[in-house]
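> Give me a model of this one.
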Amino acid sequence: MIHRSEGATALLGMSGFEVGAQVEIDGELWLHIQTTEDRAWCPGCAVRAVGHGRRRVRVRDLPAGGRPVVLVWAKRLWRCPEPACGVTTWSEHSDAIGARSSLTERARIEICRRFGQDGDSVAELARAYGIGWHTAMAAVRTHGQPLIDDPARLEGVEALGVDETVWLHAGPRRRTRYVTGFVDLDRGQLLEVVEGRSTATVADWLALRPADWLAQVRVAALDPYRGYATGLRSRLGHATVVLDHFHVVGLANSAIDDVRRRNQQEIHGHRGRNGNPLYDIRRPLLMGHERLTDRRWHQLLAGLETGDRWGEVGAAYLAKELLREVYAATDAAHARRRLTVFYQHCAEAEVPELTRLATTIASWQDEVLAYHSTGMSNGPTEAVNLLIEKARRIGHGYRNFANYRLRLLLTCGTKWQTRPVARIRGRQPRFAA
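Got it, this is the predicted structure:
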């Protein structure tokens with residue numbers, strides 16, 4: 001017989017169970033528990049059952065006091081005394097500990113929470129709880145899948161962001177594989193990740209959304225990729241498509257790098273090296289004018305004066321600043337005038353890279369100017385992309401897309417409702433010793 005310990009039972013906090021003996025074995029806390037219910041009825045004939053011994057079951061529970069916990073459940077066996085009943089014996093069960101489970105349900109929930117909210121890897125969680133990888137992953141799937149399948153998670157989306165991230169990098173036997181992420185820009189929450197990067201990827205996912213969901217989306221932000229724009233317009237023709245200024249300025253910076261590298265090859269006959277004037281100012285060229293210190297500004301001017309033989313690099317830098325001023329305009333009309341100045345500068349410079357840049361911006365002009373009518377950018381999507389890259393690094397890469405999707409949606413697409421912890425030190429302590 002296990003004698004009840006009221007203090008240990010209160011600390012255990014499992015309704016319907018009481019704690020008997022407690023012992024520490026190899027740094028682990030072993031708690032012997034049993035249910036408080038001492039009566040049962042036959043599930044077949046409803047006759048009161050009689051005891052038929054006990055079977056001890058060991059399961060892992062949440063750590064206590066920095067020590068792993070093992071619960072030894074003295075599980076009652078029952079027998080039906082009615083000879084005519086087809087039910088012979090059975091064992092008691094509890095919702096807190098699943099049948100043939102090696103973990104309590106609250107431990108499985110905590111594993112899922114640490115996987116999604118804290119970003120711990122499955123292998124790390126398996127080691128922490130002394131279980132196998134597949135057991136830990138099964139806990140994540142069981143408790144995590146309902147969270148990402150909840151229809152409420154996709155409700156209330158008025159601003160949609162779309163961008164791609166790398167899922168699998170290229171190897172000897174595969175090409176680089178991408179996934180497309182859909183983000184709620186107002187909440188900064190990942191809605192879905194779909195394998196692939198194409199018009200069909202976006203159009204097919206939007207086709208699965210109900211008509212009222214599509215009708216409430218008023219803005220869609222994206223990078224300058226025509227495939228995404230076509231896919232969005234196929235289902236969201238009423239929405240305003242905005243080209244993110246981060247990517248637009250990125251195009252201008254790429255043009256600067258292309259001009260600088262070409263000039264270095266033409267002047268020196270090789271790629272940039274330390275000591276080459278243009279190579280030494282490669283970083284200041286990509287910085288905004290207002291962020292340059294006096295030392296950086298003089299360094300930039302000296303590098304252009306010494307190494308920019310034909311003035312093309314300086315022209316590219318000025319084009320980038322003119323393009324940035326488009327997004328700093330006060331309204332759409334002001335932005336349109338600044339965009340005209342940008343086009344004129346690129347035409348007069350007669351630099352191939354700037355001509356290409358101006359042609360690209362002209363093809364996206366409506367989406368660029370839409371920034372001033374909506375004030376929306378794809379910044380929240382880029383923030384989610386950073387979390388995606390972090391999750392992929394923690395997992396040391398993924399080969400199974402279903403596991404990868406589960407990881408990303410639990411990490412970036414779920415709002416975890418955790419109980420706040422009350423402070424024990426403050427102006428009004430809960431108790432005084």
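> would you list every one of the strands in the stretch 101-250 of the chain?
In the stretch 101-250 of the chain, the strands defined using DSSP state E, counting those that start in this stretch lie at 159-168, 177-184, 189-195, 219-222, 240-243.
> tell me the contacts of the nearest residue to Arg399 once chain neighbours are set aside?
Among residues not flanking Arg399 along the chain, Leu168 sits closest, at 7.3 Å (CB to CB, 6 or more residues apart in numbering). (Each C-beta comes from the backbone N, C-alpha and C, glycine too.) Counting by CB atoms under 8 Å, 6 or more residues apart in numbering, Leu168 makes contact with Arg174, Thr176, Arg177, Gly397, Tyr398, Arg399.
> Same question for Ala159.
Asp184, Leu185, Asp186, Val217, Arg218, Val219, Ala220, Ala221, Met376.
> What is the neighbour count of the last one?
In this case it means Met376. Neighbourhood size, Met376 [other CB atoms under 10 Å]: 22.
> Let's verify it: helix, strand, or coil?
Following DSSP: H, G, I helix; E, B strand; the rest coil, the label given to Met376 is coil.
> pretty sure it contacts Val183?
No: counting by CB atoms under 8 Å, Met376 sits too far from Val183 to count as a contact (11.8 Å).
> Now restrict the contacts of Ala159 to buried residues only.
Buried residues within the contacts of Ala159, counting neighbours by 16 or more other CB atoms under 10 Å: Asp184, Leu185, Val217, Val219, Ala220, Ala221, Met376.
> Got a ChimeraX select line for the buried ones in the contacts of Leu168?
Remark: buried members of the contacts of Leu168, expressed as a ChimeraX selection using 16+ other CB under 10 Å:
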select :398
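> got the CA positions of stretch 250-262 in PDB?
What follows is stretch 250-262 as a C-alpha-only set of coordinates in PDB (Å, rounded to 0.1, in the frame of the first residue of the first chain):
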ATOM      1  CA  GLY A 250      18.100  46.700 -53.100                       C
ATOM      2  CA  LEU A 251      17.800  46.800 -56.900                       C
ATOM      3  CA  ALA A 252      19.600  50.200 -56.900                       C
ATOM      4  CA  ASN A 253      22.400  48.800 -54.700                       C
ATOM      5  CA  SER A 254      22.800  45.900 -57.000                       C
ATOM      6  CA  ALA A 255      23.200  48.300 -59.900                       C
ATOM      7  CA  ILE A 256      25.900  50.200 -58.000                       C
ATOM      8  CA  ASP A 257      27.800  46.900 -57.400                       C
ATOM      9  CA  ASP A 258      27.500  46.000 -61.100                       C
ATOM     10  CA  VAL A 259      28.800  49.400 -62.200                       C
ATOM     11  CA  ARG A 260      31.700  49.300 -59.700                       C
ATOM     12  CA  ARG A 261      32.800  45.800 -60.600                       C
ATOM     13  CA  ARG A 262      32.700  46.600 -64.300                       C
END
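> show me what contacts Gly144?
Cys112, Phe115, Gly116, Leu406, Leu410.
> For the residues you listed, which two are the farthest from each other?
Cys112 and Leu406 (10.0 Å; CB to CB).
> doesn't Leu185 make contact with Asn378?
Yes: Asn378 is within contact range of Leu185, at 7.4 Å (criterion: CB under 8 Å).
> Show me the common contact partners of these two, please.
What both Asn378 and Leu185 touch, as defined by CB under 8 Å, 6+ apart, is the set Gly161, Ala221.
> Let me have the contacts of Leu168 in a markdown table, extended by distance to Pro83 and pLDDT.
A markdown table is the format used below for the contacts of Leu168 (distance: CB to CB, whole Å; pLDDT from 0 to 100):
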| residue | distance to Pro83 | pLDDT |
| --- | --- | --- |
| Arg174 | 66 | 87 |
| Thr176 | 70 | 91 |
| Arg177 | 65 | 92 |
| Gly397 | 62 | 84 |
| Tyr398 | 58 | 88 |
| Arg399 | 57 | 87 |
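> I'm done for today, thanks for sticking with me.
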